[in-house]
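**Student:** got a predicted model here, sequence first, then my questions.
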Amino acid sequence: MMRATDFIPIDFISTRGDTPATAIDDALIAGLAPDGGLYVPARIPAFEGEWSSSMTLADTATRVLAPYFAGSRLRDALPAICARAYDFDAPLVAMRGDGDSLLELFHGPTAAFKDYAARFLAEALAGLRADDAPVTTILVATSGDTGAAVAGAFHRRPGFEVVILYPDGRVSPRQAHGLECWGDNVRTFRVDGSFDDCQRMAKAALSDRDLRERMALTSANSISLGRLLPQVVYYAHTALGFHARHGGTLNLIVPTGNLGNAAAAFVAKRMGLPIGDIVLATNANDVLPRYFAGGDYAPEATKATLANAMDVGAPSNFERLRHWHSDDAPLRAALSAHAVDDATIRATIAAAPERHGIVPCPHTACGLHVLETLRAQGDTRPWTVVATAHPAKFDSIVEPLVGHPVALPPALAACLARPAHGEALAADDAALRKRLLIL
């Protein structure tokens, strides 16, 4: 088995090119590059070594992440970190008809795909933290699921505080409760604005040199390298398992908002893993579909939709995708995207139990509709739709459409049983700065 010590260390650079090459540990701790760009590996390594169906998700994680951590203080601890972070499955479940499948990424403690990377990042930052270091504040903007995953991963972890920003009234009631139910070292702010406001405020704080001199501040959003790389793992594990069973490549439909999950799928493919086409499913926030159809990349104000975790009008990880391509043509050749409106989301959820044999969340429903569109266009290949969140998080939307209650997974039930409390905050960079300084 290849170990982290068997690889040549990889440097990490900013997408904006004005930051010196950085070691992975420093990139993880910083979150955002000093020039405001996103950290990316200077080279994407090829996946090496043998893989067998007896390997667990944690085993695959160690293999996939080892080359990135060759120069890290964590390299010898990587297997143990992966064992703790990836201790729940990412099952590939057959759907009804046509050989299609669902990659269920909602079996973690907060019932969303963000749990895998949030837990890995928490383990990594804890491992890098010196005993006498000041408390690190993890600042996270969330459109629904990221904040809960980060809160769960860092809750009561010594040496860390978490500050969550979420758009008031633009997440489901259960998501809001899951963001506000932690207490202790987690502070949650209901921002009077959109997710894009929350994301702008977080980036402004992370780029504020004076603020960062006063406090140890980092990010756990998908702008963080510590979120991107761990998400590569479940795509690698699933693609290798699919290839071992069927001998073909895994074609993916990825519901996306801020493009972090999709960027991870792209990295997995670039590493040489058996992944075929990657198709993106968005909601009515159609910046990406318009771009991939040949239009300009033109971020715009966010529209509120049923698939609220994807309500993003300026996806941050587009900057990474552009960095990895010489111009628009190869990027448009690498990916495609389709928009799905609320009426179609409702119709897809209502039809899914009979048509596909599943009950989807609104985000997964976007992916299912894209699958149905591909089928209507004559595409007969097997496709895997990525299920990003458990439908029980969206009971007020899903249950009336399918006509029955959706059972709560135990971890989500435990979150909902705790009291919740959040604080109101203006959608203003200065308001956040002031609040951070008096934590």
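**Tutor:** Structure received.
**Student:** now stretch 381-395, how far from the chain's geometric center?
**Tutor:** 14 Å (C-alpha atoms, centre = their mean, to the nearest Å).
**Student:** what about it, how long is it end to end?
**Tutor:** In stretch 381-395, first residue to last residue: 32 Å (C-alpha to C-alpha, to the nearest Å).
**Student:** for that stretch, buried residues please.
**Tutor:** Across stretch 381-395, burial judged by 16 or more other C-beta atoms under 10 Å covers 382-394. From N, CA and C alone the C-beta is placed, and that goes for glycine too.
**Student:** stretch 266-277 too?
**Tutor:** Under 16+ other C-beta under 10 Å, the buried positions of stretch 266-277 are 266-271, 273-275, 277.
**Student:** who's in contact with it?
**Tutor:** The contact list for stretch 266-277 (C-beta atoms under 8 Å, 6 or more residues apart in numbering) reads 44-47, 64, 228-229, 232, 235-236, 239-240, 242-243, 248-252, 265, 278, 321, 324, 334-336, 381.
**Student:** taking the buried residues of stretch 266-277 one by one, which sit in helices?
**Tutor:** Of the buried residues of stretch 266-277, the ones assigned to helices by DSSP state H are 266-270.
**Student:** using TSV, lay out the residues you listed together with distance to R375.
**Tutor:** Converted to TSV, those look like this (distance: C-beta to C-beta, whole Å):
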residue	distance to R375
F266	24
V267	28
A268	25
K269	23
R270	28
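**Student:** what's the longest helix in this structure?
**Tutor:** Longest helix in the chain, counting by DSSP H: helix 225-246.
**Student:** what packs against that helix?
**Tutor:** helix 24-30, helix 57-65, strand 92-94, helix 114-128, strand 250-255, helix 260-270 (3 or more C-beta pairs under 8 Å, 6 or more residues apart in numbering; DSSP states H and E).
**Student:** okay, now the sheet partners of the third one, with direction.
**Tutor:** According to DSSP bridges, strand 92-94 has the following sheet partners: strand 101-104 (antiparallel).
**Student:** could you list the buried residues of the strand it pairs with?
**Tutor:** 101-104.
**Student:** distance to V40 and pLDDT added to the residues you listed, as TSV?
**Tutor:** Output for the buried residues of strand 101-104, formatted as TSV (distance: C-beta to C-beta, whole Å; pLDDT from 0 to 100):
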residue	distance to V40	pLDDT
S101	30	97
L102	30	98
L103	24	98
E104	28	98
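**Student:** and which of the residues you listed is nearest E372?
**Tutor:** Distances from E372 to these, taken as C-beta to C-beta, are shortest for L102 (13.8 Å).
**Student:** quick one: the closest one from P405, how far?
**Tutor:** 20 Å (C-beta to C-beta, to the nearest Å).
**Student:** E354: neighbouring residues, count only.
**Tutor:** 9 (other C-beta atoms under 10 Å).
**Student:** wait, A333
**Tutor:** With other C-beta under 10 Å as criterion, A333 counts 10.
**Student:** buried set for the host helix or strand of it?
**Tutor:** Assigned by DSSP states H and E, A333 belongs to helix 328-334. Neighbour-count burial for helix 328-334, with 16+ other C-beta under 10 Å as criterion, is recorded at 331, 334.
**Student:** taking the mean pLDDT, what do you get for that helix?
**Tutor:** Here helix 328-334 scores 97 as its mean pLDDT.
**Student:** moving C-terminal of it, what's the next helix or strand?
**Tutor:** Helix 328-334 is succeeded, C-terminally, by strand 335-339 (DSSP H and E).
**Student:** next, the angle from that next one to strand 250-255.
**Tutor:** 40 degrees (axes from the mean of the first three to the mean of the last three C-alpha atoms, to 10 degrees).
**Student:** not counting the following helix or strand past strand 335-339 itself, show me its contacts.
**Tutor:** On the C-terminal side of strand 335-339, the nearest following helix or strand under DSSP H and E is helix 342-355. Contacts to helix 342-355, defined as C-beta under 8 Å, 6+ apart, come from residues 96-97, 283-284, 305-307, 340, 358-360, 362, 365-366, 368-369, 372, 397-398, 401-402.
**Student:** of those residues, keep whichever come out buried.
**Tutor:** By 16+ other C-beta under 10 Å, the contacts of helix 342-355 give 283-284, 305-307, 340, 358-360, 362, 365-366, 368-369, 397-398, 401-402 as buried.
**Student:** one step back: and which of the buried residues of stretch 266-277 is nearest R75?
**Tutor:** Ranked by distance to R75 (C-beta to C-beta), the buried residues of stretch 266-277 are led by M271 at 18.1 Å.
**Student:** relative to V64, how far out is that closest one?
**Tutor:** For M271 relative to V64 (C-beta to C-beta), the value is 7 Å.
**Student:** look up the closest residue to K114, ignoring the ones flanking it.
**Tutor:** Spatial nearest neighbour of K114, excluding adjacent residues (C-beta to C-beta, 6 or more residues apart in numbering): A149 at 3.6 Å.
**Student:** number of residues surrounding the one you found?
**Tutor:** 28.
**Student:** with A301 instead?
**Tutor:** Residues near A301, counting by other C-beta under 10 Å, number 10.
**Student:** who are the neighbours in contact with it?
**Tutor:** Per C-beta under 8 Å, 6+ apart, neighbours of A301: 194, 196, 313.
**Student:** equivalent analysis for A244, please.
**Tutor:** Taking C-beta under 8 Å, 6+ apart, one finds 51-53 in contact with A244.
**Student:** just to revisit the earlier point, give me the buried positions along the longest helix of the chain.
**Tutor:** 225-243.
**Student:** go on, stretch 339-350?
**Tutor:** Across stretch 339-350, burial judged by 16+ other C-beta under 10 Å covers 339-342, 344-346, 348-350.
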